[in-house]
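Undergrad: Let's see this in three dimensions:
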Amino acid sequence: MTEATVQLSVVMPGEYAELLMRELSAWKNTTTIIFQGGCVFEFKGVFPVGRVAEGYYNLSSGGEGFEGHIKLGAIDHIAFQSREHRGRESHAFVFEDDQGEIIFKVFLGRDSDGDLHPEQVAAFNKIKASLAL
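TA: Numbering: from 1, shown residues only. Predicted coordinates:
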């Protein structure tokens, strides 16, 4: 895979966003990237636990770290991104709206040596394979 090669062949329907985010909150650290108005915001840490209220998936980290409100109805689908980034394997869940615009991405986490957590790679591939039937 080259730096420019991005694989987005598998897509999960947006109706599974809540279930996926609940799964992510049980993983070790991840990196969440949020795109807004030409800006890119990044959070490294465990994806927070959430609960649904009034159409939003409300992230709660106990007052410290990443929190927010994700409008579930805005997520049309979740693409599975696999590519090389700076010479290293990289995988992400790409949450997109019905126009194909990226709302946010959640990248698999890395250990202190910069290696992907192998259990996250296995889980990512298992989820992706279950959709590619």
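
Undergrad: quick one: the residue lying farthest from the centre of the chain and Ala79, what's the gap?
TA: Each residue of the chain has a distance to the centre, and by C-alpha atoms, centre = their mean the biggest one is for Glu54: 22.1 Å. Distance from Glu54 to Ala79, counting by C-beta to C-beta, to the nearest Å: 27 Å. The way it works is simple: take the backbone N, C-alpha and C, and place the C-beta from them, glycine included.

Undergrad: What strand or helix carries the most centrally placed residue in the chain?
TA: By C-alpha atoms, centre = their mean, the chain has its centre lying nearest to Val106, at 2.4 Å. Assignment of secondary structure by DSSP states H and E places Val106 within strand 102-108.

Undergrad: any chance you could map the strands in this structure?
TA: Along the chain, counting by DSSP state E, strands occupy 6-7, 11-13, 30-36, 39-45, 49-53, 56-60, 68-71, 77-85, 88-96, 102-108.

Undergrad: which stretch in those strands has the least confidence?
TA: With a mean of 54, strand 6-7 has the lowest mean pLDDT of the strands of the chain.

Undergrad: With adjacent residues omitted, what lies nearest to the residue nearest to the centre of the chain?
TA: Phe93 (4.8 Å; C-beta to C-beta, 6 or more residues apart in numbering).

Undergrad: Mind listing what's buried along the longest helix along the chain?
TA: For the chain, the helix reaching the highest residue count under DSSP state H is reported as helix 118-131. By 16 or more other C-beta atoms under 10 Å, the buried positions in helix 118-131 come out as 120, 123-124, 127-128.

Undergrad: What of stretch 46-62?
TA: Buried residues in stretch 46-62, defined by neighbour count with 16+ other C-beta under 10 Å: 46-48, 50, 56-57, 59, 61.

Undergrad: and if you look at stretch 19-27?
TA: 20-21, 24-25, 27.

Undergrad: Let me know the closest of these to Lys71.
TA: Of all those, Met21 has the smallest distance to Lys71: 12.5 Å, by C-beta to C-beta.

Undergrad: measure that closest one to Glu84 for me?
TA: 26 Å.
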